[in-house]
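# structure for this input, please:
(chains A and B)
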2 protein chains.
Amino acid sequence: MNGTAPRRRGRGRPSREDTGTGPSARQRILDAARAEFAERGYDKTSVRGIAKAAGVDAALVHHYFGTKDEVFAAAIEVSFEPALVLPAVLAGDREGIGERLARTFIGVWENPGTRAPLLAVIRSALTHEAAAGVLRTFVLRRLLSRVVEELDVPDPAFRAELAASQMVGIAILRYVIKAEPLASADPEEIIAQVAPTLQRYLTGTDPHSGAEADG
Amino acid sequence: MNGTAPRRRGRGRPSREDTGTGPSARQRILDAARAEFAERGYDKTSVRGIAKAAGVDAALVHHYFGTKDEVFAAAIEVSFEPALVLPAVLAGDREGIGERLARTFIGVWENPGTRAPLLAVIRSALTHEAAAGVLRTFVLRRLLSRVVEELDVPDPAFRAELAASQMVGIAILRYVIKAEPLASADPEEIIAQVAPTLQRYLTGTDPHSGAEADG
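Next up is the predicted model:
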């Protein structure tokens, strides 16, 4: 930046790819970050460790993502990519929202490739206040804003979080605690039960007990 | 046991109380175990550390509880003591089960004294397979068997776990992640929303999609 070469540690000059001209260095950093956070947990993961695992300089990690919290947020966002389908899920016919959401959610968790990074995120967020803060600030807010945009109901954020709570609870009992018989239940049985819950939370008449809608 | 004094480390002869003649040494061990598991996590907690914190000999911990897993299970059970009200919650009028359960559950979590140890248990179980196994084997099975005894419905265990999943999800989003607006919502609003969900899971016509009850 000031005309002299930036200090580099641990590696020689970065290759052309590492200088950030292509998407692959960024992607390698994200993949490495996910793996590091999953394996070591939030506290023990460092930007330098992520850079090393990605085969890039730590400065490049900072260049792309900023602080460790921001790398974590970006790694989390990758894990939540399945949530990019949310607008499509919410935009279809209103009566089917609960079932489409339940089916999408269970589908993501039944896929080991998407389950593993989500588990890592949940574990980090549940054990480290900093990670919980990142999840709250960067991820939930964006996801919720999408729901709020799509759903024309009073209290959309409260409704969305009630729906999220049901899905998070299923994920934890079925995939983390592995409580039987839920852990071995046919996914269709779970969808059939959870869909009406999500439907009511998202489109039911009023989330407030006895109160008029957004009065 | 063989006529010689057992080896003791770290402390001199135990006092009369420490030899286990009264309930208070046992209680001190449980309190210390809860604190140690909460503070250090499952992996870093040892029977010796618990004994030291309780001011007793490690042999006494083994005498009362056995292995570390068994101490953890006992410590967990203390945390789940509020669940001892379950039979009363389930035994009342059938139409009010969902609301009574939601109210009891939220009441336990709104009380900081009962929330803290529950949080510690959940965090341990979510991050350590051994702790999850203990929760699954010792605690959930017993809680579920109580529900199964009280509820005369098909698939009572599956129903109970669906209800538990909703409550666990609320606990995590509201008290751990602290996602807004759920974290600041009036408990009554949450009870009003969650009660019908629990009611349907526990007493709805059939937990299986389209299938006849316990056919």
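
# in chain A, where is pLDDT below threshold?
Counting by pLDDT under 70, chain A contains low-confidence residues at A:1-23, A:78-84, A:138-139, A:206-215.

# tell me the domain boundaries of it?
A:17-67, A:80-203 (automatic domain parsing).

# of those domains, which is nearest chain B?
Of all these, it is domain A:80-203 that lies closest to chain B, at 2.9 Å by Cβ to the nearest Cβ. From N, CA and C alone the C-beta is placed, and that goes for glycine too.

# off-centre distance for that closest one?
Its chain's C-alpha centre and that of domain A:80-203 lie 10 Å apart, by Cα atoms, centre = their mean, to the nearest Å.

# now the spatially closest residue to residue A:177 that is not a sequence neighbour: how far from residue B:172?
Closest residue to residue A:177 apart from its sequence neighbours, by Cβ to Cβ, 6 or more residues apart in numbering or on different chains: residue B:132 at 5.3 Å. Remark: distance between residue B:132 and residue B:172 (Cβ to Cβ, to the nearest Å) = 15 Å.

# more neighbours: these two, which one.
More crowded of residue B:132 and residue B:172, by other Cβ atoms under 10 Å in any protein chain shown: residue B:172, with 25 against 19.

# mind checking how far the more buried one is from chain A?
Here residue B:172 is placed at a distance of 6 Å from chain A (Cβ to the nearest Cβ, to the nearest Å).

# that residue reaches residue A:169, doesn't it?
Yes - using Cβ atoms under 8 Å, residue B:172 is in contact with residue A:169, at 7.3 Å.

# could you point out the helix or strand that follows the lengthiest helix in chain A?
Longest helix in chain A by number of residues (criterion: DSSP state H): helix A:23-44. Downstream of helix A:23-44, the first helix or strand assigned by DSSP states H and E is helix A:47-54.

# quick check: buried residues in that following helix?
By neighbour count on 16 or more other Cβ atoms under 10 Å in any protein chain shown, the buried set for helix A:47-54 is A:47, A:49-54.

# before we move on, back to that, show me what the longest helix of chain A is packed up against.
Helix A:23-44 is packed against helix A:47-54, helix A:58-65, helix A:68-79, helix A:112-127, with contacts defined by 3 or more Cβ pairs under 8 Å, 6 or more residues apart in numbering or on different chains; DSSP states H and E.

# repeat that with 6 Å
Contact analysis of helix A:23-44 by 3 or more Cβ pairs under 6 Å, 6 or more residues apart in numbering or on different chains; DSSP states H and E lists helix A:47-54, helix A:68-79, helix A:112-127 as its packing neighbours.

# residue A:39: neighbouring residues, count only.
Neighbour number of residue A:39 under other Cβ under 10 Å is 12.

# got the contact list for it?
Residues counted as contacts of residue A:39 (Cβ atoms under 6 Å, 6 or more residues apart in numbering or on different chains): none.

# cool, residue A:187 as well?
Residues near residue A:187 by Cβ under 6 Å, 6+ apart: A:106, A:110.

# convert the C-alpha atoms of the longest helix of chain A to PDB, please.
Taking C-alpha atoms only, helix A:23-44 is exported to PDB below (Å, rounded to 0.1, in the frame of the first residue of the first chain):
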ATOM      1  CA  PRO A  23     -12.400 -16.400  -7.200                       C
ATOM      2  CA  SER A  24     -10.500 -19.500  -6.200                       C
ATOM      3  CA  ALA A  25      -8.300 -18.000  -3.500                       C
ATOM      4  CA  ARG A  26     -11.300 -16.500  -1.800                       C
ATOM      5  CA  GLN A  27     -13.100 -19.800  -2.100                       C
ATOM      6  CA  ARG A  28     -10.100 -21.700  -0.700                       C
ATOM      7  CA  ILE A  29     -10.000 -19.300   2.300                       C
ATOM      8  CA  LEU A  30     -13.700 -19.900   2.900                       C
ATOM      9  CA  ASP A  31     -13.300 -23.700   2.700                       C
ATOM     10  CA  ALA A  32     -10.300 -23.500   5.000                       C
ATOM     11  CA  ALA A  33     -12.200 -21.300   7.500                       C
ATOM     12  CA  ARG A  34     -15.100 -23.600   7.600                       C
ATOM     13  CA  ALA A  35     -12.800 -26.600   8.200                       C
ATOM     14  CA  GLU A  36     -10.800 -24.700  10.900                       C
ATOM     15  CA  PHE A  37     -13.800 -23.400  12.800                       C
ATOM     16  CA  ALA A  38     -15.400 -26.900  12.600                       C
ATOM     17  CA  GLU A  39     -12.300 -28.700  13.800                       C
ATOM     18  CA  ARG A  40     -10.800 -26.300  16.400                       C
ATOM     19  CA  GLY A  41     -13.800 -24.400  17.500                       C
ATOM     20  CA  TYR A  42     -14.200 -20.600  17.400                       C
ATOM     21  CA  ASP A  43     -11.700 -19.700  20.200                       C
ATOM     22  CA  LYS A  44      -8.800 -21.700  18.800                       C
END
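
# chain center to that helix: distance?
14 Å.

# residues of that helix that come out buried?
For helix A:23-44, by 16+ other Cβ under 10 Å, it's A:25-26, A:28-38, A:41-42.

# same check, this time on stretch A:85-105
Neighbour-count burial for stretch A:85-105 [16+ other Cβ under 10 Å]: A:86, A:89-90, A:97-105.

# inside helices: which ones of these?
Per DSSP H, the buried residues of stretch A:85-105 map to helices at A:86, A:89-90, A:97-105.

# need these in JSON lines (columns: distance to chain B).
Shown next, in JSON lines, are these (distance: Cβ to the nearest Cβ, whole Å):
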{"residue": "A:86", "distance to chain B": "16"}
{"residue": "A:89", "distance to chain B": "19"}
{"residue": "A:90", "distance to chain B": "18"}
{"residue": "A:97", "distance to chain B": "16"}
{"residue": "A:98", "distance to chain B": "12"}
{"residue": "A:99", "distance to chain B": "10"}
{"residue": "A:100", "distance to chain B": "15"}
{"residue": "A:101", "distance to chain B": "14"}
{"residue": "A:102", "distance to chain B": "11"}
{"residue": "A:103", "distance to chain B": "12"}
{"residue": "A:104", "distance to chain B": "17"}
{"residue": "A:105", "distance to chain B": "12"}
